[in-house]
Every structure is written in structure tokens, then in C-alpha cells.
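Colleague: below are the sequence and a predicted model; questions follow.
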Amino acid sequence: MRAFGVELRRRREEQGISLTKLATLVNYSKSHLSKVECGRKLPSVELARQCDRQLNADGALAKLAPARESPEPRPDADHEGEVWTMHLRTDGSGGFHALGENASALFGGANMLSWPPSGQLAGSPVPVCPEGGATYERLLVELRHLGQASRPSAVLPIAATVTSALRTQTDAASPADRSRLLLLAARFAEYTGWMAQDLGNDDACGWWTRYAVALAEAAGDIEMSSYASVRAAEISLYRDDPLGVLTAACTALEKGGSPRTRAFAMQRIAQAHALLGDEPACMRALQEAADLRDRDGQSPRGAALGSATMRDPLAFTTGWCLFDLGRLKQSVEVLGAEFATVPDHAHRVRARYGARLALALASQKALDHACEVAEPTIAAARLVDSATVRVDLRRLARTLRRWHQEPMVRRMMPELASALHTS
């Protein structure tokens, strides 16, 4: 706290900027900035970056900012009622257990279901139905649609179970079928990792993503390994760790992969440079991402990795980079245009990017418009209950609190607070 305050005051005084003027430039009160300079109040990440931009500190102040808080933990299960636990093993076996007040009496009783029956896995190979793979592919599409309108806690068990079922069938499949089933299992495992991240469990996300890589490599596919590094970069991005983003994204580029995956990696690199305040490097990375995107062709081995909901993920990334670089007006123009193209049924995407658009609007004090965007965004966020969306909503709440006396903000804050505590 004190290191940031000392450096902030030194740079401000060197440039002959009064505390009153700086407060006006960054849209914070003079009293708040005074407490930050004296080390009595911790600066937010947003304040640190705004001060960095206004004082042309080239990232020096931003690097002193504290890391953003971790997503809120999930509450413990209610052990007074019945709780079901599911066990899955890589050989396809597993079981459900009913737990409650008399949990010890339930083990070994009628409330315990294990599969398959003893010795079944050791039997003769069973042919795989030719239509089975296509059915699973359609199931993945439908599951991703379900994930756009449901809580991750409802979707994750389904994805995990299908991953296990597919992995089981590979033991009895022909070499050609085995490769296809392993790739499908890898896709379900990767999506399970997405849902784990949305639950706020980055460790589980990492485990499922690594498992997806192992399944894909067993099928002779290296694309998932490169994409897994992109996912690691995204987790670092939500932790406000630009150096971690750069490390993971560069690893993705070193691994190769399709132009689409490398384009995602370059987008993460652009975002890291934006967090560091390096606009030229950010713009170069965005241009390279655009070049790679334009070179991308249809993957011959199934649906492409990454979001299939957004029309142009690069446009959203560009809008957010512009926000982090302090170019708020341009950020709003880009984010607003692309947000209008998101389908109404894609509640998860609308919650995530609606929160970012509302934040960009609020940061330039367009409060009426910010609240207009925030209202349906909050409704979508409560529906999908995403930990990653709550990260952006917390930033929005911190920004709106600076104008808590404004009528439209005062009406909005209770609903926003409720969405932040949904779990």
C-alpha cells in the first residue's frame, strides 16, 4: 500500500499535477486519492491503471497494484439433507453414494449403486455402433447450448459422466473408432474444465484440461495441448497476472496448433500487453491475431475449439484491450456493436460481455446507459451463476459505487449485490 502511494505522489508532483486535478482525471474523490497516497487505503486495480495512464507511467504504477481478489468460495454442502456424491474412474467404473444423517448406514445398502458389475470390463471387446459417435457429437453441441442458460453445477456432472462413458468405450473399439471416441472424450473433458472454472475452481479446471490433453494425445492429436495453454492464459487473465498470461500464451504458440488456436493465443498476448499499458505491443498482437483468424480453415477432426456463440471473439478482445488502455470511447463503440450480435438465448455470454460493456460505460460516466445494459446483464448472471462473470460484476459494482448517490445507480445496486452473492 505504502509503496504505491509513495510512487503515485512522486510521479504526480514531478508532472505538476495537483491532487484535485488527478481526482478529476480518474473519476475518484480527492479524499480517496489522499488516503491512497498516504498508505491508509488500498488502491483498486482499476484506480492503479487509470493513474498509470494519466501520469504516463508506462506500467510502473499498474505493476504495484494488488492482484484482484479470487472468486468467492462455494458454500459447504447442506449435510442435514440428502447429498449425492458421484465417483468416476478412468476405466469407466464408478458409483453414486447417498449421504445424509445416517450416511454410515447407507454404504453397502440399497442407496449405493456401482457400475459395471464385477468382471464386466474384462470381457470380450464389444463393437461400437457406427452412429454412436455422431450422437455424442450432437450431445456436445446440445450440452454447450444448455451451458449457456444453466448453472455450471447442473452441467458439469453431465459432461463428466459422458467423458467417462466415452473413455470406457475406447477399450473395446477398433483403432479408427478408438481415435474418434478419444477425441470426443477430450472435447467433453475440456468442456468440463470450462464448467469447473465457472464454478470458481481453477484447480479442477486445470485437472480436467490436462485430462483432455492426455485423451487427445492418445488419439494422435496435438491441438488440445496448444489450446490448453490458451486456457491457462485465460485463468491468469482473470487473476490480473499479465506475466502469467504472456508465459502461457507464448507456450501455446511454441506448441503450434491450428491458426485458430494461435489466434486465441495472440489475443491473450494482446490483453496482457494492454494490462501492462503497452499499446503498440497490444495493437501488433491484435493485428497478428486477425491475420491468423483469416487464415483459419475448417478443422477436419470435429468442431473447432473455443467459443461457438460469439460472432467475432477478436472484436470483443479488441474492445476490452481498448478499455484497459484507457481508450474508453472506442472501447464502448466496439463492445456495443459486438454485444448487439450475441443471441438472446446465450445468457452466459450476454452476462459476461454485458458486464464489461456496462463497466466501460460507467467508467466514462454514461450512467444511464450503463444501468440500462446492466439490468438484463444482472438477470442473466443470476441465471447462469458463473464465477467468472462475478469477477466482472465486482468490477462494475466498485465503479458504480463512486456514484452511489445517483438515483439510477441507487436502484441498481441491490440487484447487483444479490447477483454477486448467488451461488
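Modeller: The structure has been received and is ready for your questions.

Colleague: going forward, measure contacts and count neighbours with C-alpha atoms only.
Modeller: Will do.

Colleague: point out where the chain drops to low pLDDT.
Modeller: 1, 66-132, 297-304, 308, 422-423 (pLDDT under 70).

Colleague: show me the strands in it, by range?
Modeller: 83-88, 94-99, 112-115 (DSSP state E).

Colleague: so for the helix ranked longest in the chain, what gets flagged as buried?
Modeller: Assignment by DSSP state H gives helix 175-198 as the longest helix of the chain. Within helix 175-198, the residues that count as buried by 16 or more other C-alpha atoms under 10 Å are 177-198.

Colleague: try stretch 139-158
Modeller: Those would be 140, 143-153, 155-156, for stretch 139-158 by 16+ other C-alpha under 10 Å.

Colleague: returning to that earlier point: now do the longest helix of the chain: distance to the chain's middle.
Modeller: 19 Å (C-alpha atoms, centre = their mean, to the nearest Å).

Colleague: CA-only coordinates of it in PDB, if you can.
Modeller: Extracted C-alpha coordinates of helix 175-198, given in PDB (Å, rounded to 0.1, in the frame of the first residue of the first chain):
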ATOM      1  CA  PRO A 175      -8.400 -48.400 -33.900                       C
ATOM      2  CA  ALA A 176     -10.400 -46.000 -36.100                       C
ATOM      3  CA  ASP A 177     -13.300 -45.800 -33.700                       C
ATOM      4  CA  ARG A 178     -11.000 -45.500 -30.700                       C
ATOM      5  CA  SER A 179      -9.300 -42.400 -32.100                       C
ATOM      6  CA  ARG A 180     -12.700 -40.800 -32.800                       C
ATOM      7  CA  LEU A 181     -14.100 -41.700 -29.300                       C
ATOM      8  CA  LEU A 182     -10.900 -40.400 -27.600                       C
ATOM      9  CA  LEU A 183     -11.200 -37.100 -29.400                       C
ATOM     10  CA  LEU A 184     -14.800 -36.800 -28.400                       C
ATOM     11  CA  ALA A 185     -13.900 -37.700 -24.800                       C
ATOM     12  CA  ALA A 186     -11.300 -35.000 -24.900                       C
ATOM     13  CA  ARG A 187     -13.800 -32.400 -26.000                       C
ATOM     14  CA  PHE A 188     -16.200 -33.300 -23.200                       C
ATOM     15  CA  ALA A 189     -13.300 -33.200 -20.700                       C
ATOM     16  CA  GLU A 190     -12.300 -29.800 -22.000                       C
ATOM     17  CA  TYR A 191     -15.800 -28.500 -21.600                       C
ATOM     18  CA  THR A 192     -16.000 -30.000 -18.100                       C
ATOM     19  CA  GLY A 193     -13.000 -27.800 -17.300                       C
ATOM     20  CA  TRP A 194     -14.900 -24.800 -18.500                       C
ATOM     21  CA  MET A 195     -17.700 -25.600 -16.200                       C
ATOM     22  CA  ALA A 196     -15.200 -26.100 -13.300                       C
ATOM     23  CA  GLN A 197     -13.800 -22.700 -13.900                       C
ATOM     24  CA  ASP A 198     -17.300 -21.200 -14.000                       C
END
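
Colleague: so what touches that helix?
Modeller: Helix 175-198 is contacted from outside by 128, 133, 136-137, 140, 152-153, 155-156, 159-160, 162-164, 166-167, 169-171, 202, 204-209, 211-216, 218-221, 386-389, using C-alpha atoms under 8 Å, 6 or more residues apart in numbering.

Colleague: would you write a PyMOL line that selects the buried entries of these?
Modeller: The PyMOL selection below is limited to those of the contacts of helix 175-198 classed as buried (16+ other C-alpha under 10 Å):
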select buried, resi 128+133+136+137+140+152+153+155+156+159+160+162+163+164+166+167+169+170+171+202+204+205+206+207+208+209+211+212+213+214+215+216+219+221+386+387+388+389
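
Colleague: what sits against the residue nearest to Gly257 when sequence neighbours are not counted?
Modeller: Of all residues not flanking Gly257 in the chain, Glu223 sits nearest, at 5.0 Å (C-alpha to C-alpha, 6 or more residues apart in numbering). By C-alpha under 8 Å, 6+ apart, Glu223 lies in contact with 216, 256-258, 261.

Colleague: how near is Glu223 to Pro175?
Modeller: 20 Å (C-alpha to C-alpha, to the nearest Å).

Colleague: what's the answer for Arg356, then?
Modeller: 46 Å.

Colleague: next one: Lys329
Modeller: Applying C-alpha to C-alpha to Lys329 and Pro175 gives a distance of 55 Å.

Colleague: same check on Leu42?
Modeller: 59 Å.

Colleague: could you do Leu55 as well?
Modeller: Separation of Leu55 from Pro175 (C-alpha to C-alpha) stands at 62 Å.

Colleague: before we move on, what about Asp368?
Modeller: 60 Å.

Colleague: now Leu156
Modeller: Remark: distance between Leu156 and Pro175 (C-alpha to C-alpha) = 29 Å.

Colleague: what do you get for Met224?
Modeller: The value you get for Met224 to Pro175, if C-alpha to C-alpha is used, is 20 Å.

Colleague: okay, helices next: where are they in the stretch 201-350 of the chain?
Modeller: Counting by DSSP state H, counting those that start in this stretch, the stretch 201-350 of the chain has helices at residues 202-218, 223-238, 242-255, 259-275, 279-295, 313-324, 328-339, 347-363.

Colleague: wait, which of these is closest to Leu400?
Modeller: Taking C-alpha to C-alpha, helix 347-363 is the member of these nearest to Leu400, at 6.7 Å.

Colleague: just the CA coordinates of that closest one, formatted as CSV?
Modeller: The C-alpha trace of helix 347-363 is given here as CSV (Å, rounded to 0.1, in the frame of the first residue of the first chain):
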residue,chain,number,x,y,z
HIS,A,347,-27.2,-16.0,-21.4
ARG,A,348,-23.7,-16.8,-20.2
VAL,A,349,-22.0,-14.8,-23.0
ARG,A,350,-24.5,-11.9,-22.6
ALA,A,351,-23.8,-11.8,-18.8
ARG,A,352,-20.0,-11.8,-19.3
TYR,A,353,-19.8,-9.2,-22.0
GLY,A,354,-22.8,-7.2,-20.8
ALA,A,355,-20.9,-6.7,-17.6
ARG,A,356,-17.8,-5.5,-19.5
LEU,A,357,-19.9,-3.1,-21.7
ALA,A,358,-21.6,-1.7,-18.6
LEU,A,359,-18.3,-1.2,-16.9
ALA,A,360,-16.9,0.6,-19.9
LEU,A,361,-19.9,2.9,-20.0
ALA,A,362,-19.8,3.6,-16.3
SER,A,363,-16.1,4.4,-16.4
